[in-house]
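S.K.: okay, structure incoming, though there's no sequence with it:
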C-alpha cells in the first residue's frame, strides 16, 4: 500500500509551506506559554523557559516532540524535580520531551560547563541548540544573558572557542559529504541518481535533515562565529536582534554583509525546499506507523538544483 503525506505538505510551494509552518509553530508556542503560566507559579523570578530544536527554529513537524529548557541566573539545585512534578501530567498530551534522565533541561548562568555543549555533554558541541531558542515563559533578562554567554564562548583564541570552532567545522565537512553523496557511512539518506529519499529516525536515516538542512544550519552558525571574531561589537546586536528561524538568519547574514543578495535568495530557496521535503517523508513515516524505513520520491531536477545551492552556501565559510 502506498503511504501518502497530507496534501498540505505537497500542494504548497516551498515558500508557502514555510509561511504556513511559521503560523502553526507560533500557535504552538502560545499554547505552551499559556500552559507554563498556568502550572508554574511561585518559581524564582530569574527563571526563563525556552523551546529548543525545531520548535526554537519555528519549523517543528507535528510528529516531533517539544523540548523545553529552563535557564536561571542563580543556581536552584532542586528545580528540575519541582518542574518535572508540575509538568509530568501534561507531558503526553502536550508532546513534551524530557531528555535529562526524564527531567526537564536546566542550565544556570554560573555553571562551568559551556553553553555550547548540548545536554552539557562535551562530545555534543552544538552552540545552536540553546542559542536557536525562543523564550516562552519567565525572565527576558535571563534569556538575553544566555544569548550573550553563547556568543562570548565563540570568541577569541580561547580553548573553548577553538574547540567549538573545530567541532562545527568537522560537522560541516560531514554534512557537505552527505549533500554530495546522499550517504553517511553505510546509511543511504537519499539517492542523487533517482531522487529517492530514505527515512527511519530509529536508525538515524534522516533523509535531507542530516545533509541539506543541518549543513545550511551549521554554515549559518560558522558565519556567526566569523562575525563575532571579526567584530566583537556586533555581539550586542546579535543578542537583541538575531532571529531564530534559519531563513531569517540567512537574511540577517546578508543584512550585515556576510553574504551577498544572490546567495541569500538561493540559500533560502534551498532551505525551504529541503525542509518541505523533510516534512513530507516524516509524514510518510508517521502514516506508516513509524515501524520501518520508508522512502518517497522527489523531483530529480529540484534535488540537483537545491543540492548545488546548498553546497554553494556550505562552502561559503
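M.R.: Thanks, I have it. The shown structure was predicted, so the numbers you read here are calculated from the model rather than taken from an experiment.

S.K.: okay, buried residues for stretch 238-258 please.
M.R.: 238-239, 242, 244-247, 249-254, 258 (16 or more other Cβ atoms under 10 Å). Where C-beta positions appear, they are placed from N, C-alpha and C, glycine not excepted.

S.K.: quickly note the distance from residue 45 to residue 154.
M.R.: Separation of residue 45 from residue 154 (Cβ to Cβ, to the nearest Å): 29 Å.

S.K.: between those two, which one's more packed in?
M.R.: residue 154 (25 against 11; other Cβ atoms under 10 Å).

S.K.: show me what the host helix or strand of residue 272 is packed against.
M.R.: Residue 272 is located in helix 261-287, with elements delineated by DSSP states H and E. If contacts are counted by 3 or more Cβ pairs under 8 Å, 6 or more residues apart in numbering; DSSP states H and E, helix 261-287 sits against helix 7-10, helix 14-39, strand 196-200, helix 214-230, helix 246-255, strand 294-297, helix 300-314.

S.K.: right, and those - which one's nearest residue 51?
M.R.: Nearest of the helices and strands packed on helix 261-287 to residue 51, taken as Cβ to Cβ: helix 14-39 at 6.4 Å.

S.K.: what packs against the closest one?
M.R.: helix 7-10, strand 48-51, helix 53-56, strand 66-72, strand 134-138, helix 261-287.

S.K.: got the angle between it and helix 246-255?
M.R.: 110 degrees (axes from the mean of the first three to the mean of the last three Cα atoms, to 10 degrees).

S.K.: what mean pLDDT does helix 14-39 get?
M.R.: Helix 14-39 comes out with an average pLDDT of 93.

S.K.: centre of the chain versus that helix, how much separation?
M.R.: Averaging C-alpha positions (Cα atoms, centre = their mean, to the nearest Å) puts helix 14-39 15 Å from its chain's average.

S.K.: next, the angle from it to helix 300-314.
M.R.: Using the same axes, to 10 degrees, helix 14-39 lies at 60 degrees relative to helix 300-314.

S.K.: helix 14-39 vs strand 134-138, what angle?
M.R.: Going by the same axes, to 10 degrees, helix 14-39 makes 10 degrees with strand 134-138.

S.K.: buried set for helix 14-39?
M.R.: 14, 17-18, 21, 25, 28-29, 32-33, 35-36.

S.K.: what angle separates that helix from strand 66-72?
M.R.: 60 degrees.

S.K.: what number of residues lie near the nearest residue to residue 115 once chain neighbours are set aside?
M.R.: If the residues on either side of it in the chain are set aside, residue 115 comes closest to residue 150, at 4.9 Å by Cβ to Cβ, 6 or more residues apart in numbering. Using other Cβ under 10 Å, residue 150 has 25 neighbouring residues.
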